[in-house]
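Peer 1: The amino acid sequence is not available; the structure is as follows:
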């Protein structure tokens with residue numbers, strides 16, 4: 001699906017699910033290089049920036065949360081010329097779709113965003129793109145905070161599942177964002193004659209926002225790994241406590257079991273058999289042995 005909006009000689013073409021028909025349209029309308037045309041339809045695995053004489057070709061990746069906890073990475077291709085911008089994506093990318101609709105339906109917004117040329121429009125597009133990713137990163141940070149509060153609530157199994165889910169989200173986001181550093185750095189250091197000196201400051205601001213997101217994700221990655229280790233230590237501590245208690249009970253029962261086995265032997269040489277209260281005597285001996293062993297464990301601070 002191809003949509004177009006135009007103002008003051010600047011055209012913005014947005015394409016969802018590009019086809020060979022769209023590629024032919026780009027070739028005819030904007031005289032794009034064959035290398036660019038080849039990279040529009042098939043997905044590109046890595047973010048790229050190619051600077052040509054008449055335009056710049058960018059490939060960015062946008063992380064999006066899907067149902068079930070998965071994170072899908074959507075490709076966004078941006079072609080920027082002196083009097084046109086093309087955005088192409090195989091899946092709907094909400095910040096781009098919303099921004100295009102805003103320019104398409106609101107005349108005042110269209111004038112504001114497009115009156116200063118393609119460079120300023122590109123800055124607005126990238127700003128919306130990064131702002132939405134930053135919002136998603138803030139959402140992850142809140143979830144990490146919730147896990148941090150729950151980690152000492154004796155719900156280790158539930159927390160393990162949450163930590164694994166958050167760890168997967170953070171790593172997926174970071175893998176999508178980190179390789180794009182070169183693109184935003186290149187825009188920041190690009191010759192000011194291409195888009196104008198007034199745009200150079202805005203590209204520097206975009207790089208700062210990108211660096212903030214990248215560092216934020218690295219911090220979240222370190223935090224969730226630390227929480228995972230902490231939760232693992234708590235699980236091991238509780239497991240060791242359980243094993244210690246079971247071991248103490250086993251040690252106490254071993255001599256009692258031995259005594260019970262001995263008095264269960266079919267022989268007349270066992271003591272206390274001639275007494276009428278032999279059962280209670282034997283139970284008393286077992287109780288004394290148990291108390292002595294518990295006192296010894298307490299003395300050694302094993303309990």
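Peer 2: Right, received. Where do you want to start? Worth saying up front: this structure is predicted, and the values here are computed from it rather than measured. Numbering: from 1, shown residues only.

Peer 1: from here on, contacts and neighbour counts on C-alpha atoms
Peer 2: Noted.

Peer 1: now the helices for the stretch 101-250 of the chain?
Peer 2: Taking DSSP state H, counting those that start in this stretch as the criterion, the stretch 101-250 of the chain contains helices spanning 107-114, 118-150, 156-177, 181-189, 192-195, 197-263.

Peer 1: Including mean neighbour count, could those helices go into JSON lines?
Peer 2: Formatted as JSON lines, these follow (neighbours: other C-alpha atoms under 10 Å):
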{"stretch": "helix 107-114", "mean neighbour count": "16"}
{"stretch": "helix 118-150", "mean neighbour count": "18"}
{"stretch": "helix 156-177", "mean neighbour count": "18"}
{"stretch": "helix 181-189", "mean neighbour count": "16"}
{"stretch": "helix 192-195", "mean neighbour count": "14"}
{"stretch": "helix 197-263", "mean neighbour count": "16"}
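
Peer 1: Flag the shaky bits of the stretch 1-150 of the chain, pLDDT-wise.
Peer 2: Along the stretch 1-150 of the chain, the parts satisfying pLDDT under 70 run over 66-69.

Peer 1: so where do the strands sit in it?
Peer 2: Taking DSSP state E, counting those that start in this stretch as the criterion, the stretch 1-150 of the chain carries its strands at 2-7, 10-16, 48-51, 55-65, 71-81, 84-89.

Peer 1: Serialize these to a markdown table and add fields for mean neighbour count and distance to residue 260.
Peer 2: Output for these, formatted as a markdown table (neighbours: other C-alpha atoms under 10 Å; distance: least, C-alpha to C-alpha, whole Å):
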| stretch | mean neighbour count | distance to residue 260 |
| --- | --- | --- |
| strand 2-7 | 15 | 87 |
| strand 10-16 | 20 | 81 |
| strand 48-51 | 15 | 79 |
| strand 55-65 | 20 | 63 |
| strand 71-81 | 21 | 62 |
| strand 84-89 | 22 | 79 |
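
Peer 1: Mind checking the ones you listed for the one nearest to residue 288?
Peer 2: strand 71-81 (63.0 Å; C-alpha to C-alpha).

Peer 1: In terms of secondary structure, what does the closest one contact?
Peer 2: strand 55-65, strand 84-89, helix 118-150, helix 156-177 (3 or more C-alpha pairs under 8 Å, 6 or more residues apart in numbering; DSSP states H and E).

Peer 1: Can I get these in JSON lines including distance to residue 46?
Peer 2: Below are the helices and strands packed on strand 71-81 laid out as JSON lines (distance: least, C-alpha to C-alpha, whole Å):
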{"stretch": "strand 55-65", "distance to residue 46": "8"}
{"stretch": "strand 84-89", "distance to residue 46": "14"}
{"stretch": "helix 118-150", "distance to residue 46": "17"}
{"stretch": "helix 156-177", "distance to residue 46": "9"}
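
Peer 1: Any idea which of those gets closest to residue 20?
Peer 2: Of all the helices and strands packed on strand 71-81, it is strand 84-89 that lies closest to residue 20, at 12.6 Å by C-alpha to C-alpha.

Peer 1: List the neighbours of that closest one that are in contact with it.
Peer 2: Identification of contacts with strand 84-89 by C-alpha atoms under 8 Å, 6 or more residues apart in numbering yields 10-18, 40, 74-80, 118, 122.

Peer 1: just to revisit the earlier point, and residue 136, which of the strands of the stretch 1-150 of the chain is closest to it?
Peer 2: Closest approach to residue 136 among the strands of the stretch 1-150 of the chain is made by strand 55-65 (8.5 Å; C-alpha to C-alpha).
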